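Engineer: Whatever this is, show me its structure:
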Amino acid sequence: MANLEIEGKISLKLPVQSGQSARGLWERQDFVLEYQDGNFPVSVCFTAWGSDKVKDLAQFQVGDAVKVAFNVRGREYNGKWYNDLRVWRITPAGQAAPAGAAASPARSSAPQAASAPVAPAPVAPMPGLDDIPAAEPSEDDLPF
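Structural biologist: Numbers count the residues shown, from 1 in each chain. Okay, here's the model as predicted:
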């Protein structure tokens, strides 16, 4: 699968969760990233999985602009499907990826999805009733 990247602002950091599994200790932290999609802000929840990723996330605060590289995973539980956006790199927005973090040659031929930075779009005011043109009466009352 292609690696995905997105830029936005951290709007919420949830508490760190940890526990013990058959494979040993684990640690994770969810955070919400807000980015512009056209005229509207969109919020997405990401997961920093593993103590190294939780430490990477700890250097950023709510309100910081970041660039997040992530993979999409899905799993089934009791007949329902759940998606997980797992972060594998988080850097300040506008900063280039570290030299050692480049994709391997086998992956570099895959198309890159959502790798363009998302620039905030100007927000137009909501039109009022006075801005809507009056409909002219016609014999054809079909909407198409």
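Engineer: average pLDDT for the longest helix belonging to the chain?
Structural biologist: If you go by DSSP state H, the chain has its longest helix at helix 51-58. The pLDDT scores in helix 51-58 average 94.
Engineer: Tell me which residues of that helix come out buried.
Structural biologist: Buried residues in helix 51-58, counted by 16 or more other Cβ atoms under 10 Å: Lys53, Val54, Asp56, Leu57. Bear in mind the C-beta positions are built from the backbone N, C-alpha and C, glycine included.
Engineer: As JSON lines, those residues with distance to Asp84 would be great.
Structural biologist: Below are these laid out as JSON lines (distance: Cβ to Cβ, whole Å):
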{"residue": "Lys53", "distance to Asp84": "13"}
{"residue": "Val54", "distance to Asp84": "15"}
{"residue": "Asp56", "distance to Asp84": "17"}
{"residue": "Leu57", "distance to Asp84": "16"}
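Engineer: so what's Ile90 scoring on pLDDT?
Structural biologist: Ile90 carries a pLDDT value of 93.
Engineer: With Gln95 instead?
Structural biologist: pLDDT, read off for Gln95, is 71.
Engineer: Please apply the same query to Ser11.
Structural biologist: For Ser11, pLDDT reads 96.
Engineer: And Arg23, by the same measure?
Structural biologist: pLDDT, Arg23: 87.
Engineer: Okay, helices next: where are they in this protein?
Structural biologist: Using DSSP H, the helices of the chain run over 51-58, 105-108.
Engineer: how about low-confidence regions in the protein?
Structural biologist: Scanning the chain for pLDDT under 70 picks out the ranges 1-2, 96-144.
Engineer: before we move on, back to that, would you point out the most distant pair within the buried residues of helix 51-58?
Structural biologist: Using Cβ to Cβ, the buried residues of helix 51-58 span at most 7.3 Å, a distance reached by Val54 and Asp56.
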